[in-house]
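Asker: no FASTA, just this:
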């Protein structure tokens, strides 16, 4: 079965520091998708990025960047020049194919606290 | 705002009771997913519907059931409630369904269920 490991339970940084959130996954599928979601204190889950297993190009979106390395089964997320508004729980997720549908398998999440 | 709506936002009830959580997917989305988020289990997939048909099932308790109606909204019914059912219940929707994760799941704001 698929598995996602986010080894960092909680990270605290000071504003403007860069921070990297780690994500390691296990899958037997050759085609799969990886996701990052953000859960701010208000509780909703906000989609950040989707990456398929055939696209190992790194992606940058403003202060956010993602590093996908198939060789190490990792999909890490870096926030550059962190801000207080980045404080949230961040989840890495992996798609799991089922017979007629699919589901997301989530990691345990990493709590990010950005202090001013 | 993801476009997925869930009602109610909060629900407080007693053990043994039955409740219904409602979800309206994003306009045009045919797939609806239900997830449970609890402190001890994290984010767990419950069930997926696509255009009215059940497509995938996770570790959903027999006391829980769901359906998707012709207008594509979905309801999750929880019965014989126990203290351990207290959790945040998310609904997500996607444009289609596939055996992988081709379609991104967008999450609603969740319903926080408290069983006393």
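Answerer: Perfect, I can see it now. Since the model is a prediction, treat every value here as computed from it, not as a measurement.
Asker: next one: phi and psi at residue A:72?
Answerer: phi -110, psi 10 (degrees, to the nearest 10).
Asker: Please name the residues that touch it.
Answerer: Neighbour list for residue A:72: residue A:24 [criterion: C-beta atoms under 8 Å, 6 or more residues apart in numbering or on different chains]. C-beta here means a position set from N, CA and C on the backbone, and glycine is covered the same way.
Asker: Quick check: residues of chain B near chain A?
Answerer: Applying C-beta under 8 Å from any C-beta of the partner chain, one finds that chain B approaches chain A through B:2, B:31, B:33, B:35, B:42-43, B:45, B:48, B:50, B:55-56, B:58, B:88, B:90, B:92, B:97-102, B:104-110, B:112.
Asker: Show me those that map onto strands.
Answerer: Here DSSP state E is the test, and the residues of chain B next to chain A give B:31, B:33, B:35, B:42-43, B:45, B:48, B:50, B:55-56, B:88, B:90, B:92, B:106-107, B:112 as lying in strands.
Asker: I'd assumed residue A:38 was in contact with residue A:46.
Answerer: Yes - Residue A:46 lies in contact with residue A:38 (C-beta atoms under 8 Å); the separation is 4.6 Å.
Asker: between the ones in strands among the residues of chain B next to chain A, which is closest to residue B:10?
Answerer: residue B:112 (5.1 Å; C-beta to C-beta).
Asker: What count of nearby residues applies to that closest one?
Answerer: Look at residue B:112: counted by other C-beta atoms under 10 Å in any protein chain shown, it has 16 neighbours.
Asker: State the distance from the closest residue to residue B:83 other than its chain neighbours to residue B:63.
Answerer: Nearest non-adjacent residue to residue B:83, counting by C-beta to C-beta, 6 or more residues apart in numbering or on different chains: residue B:115, 5.4 Å away. Look at residue B:115 and residue B:63: by C-beta to C-beta, to the nearest Å, they are 12 Å apart.
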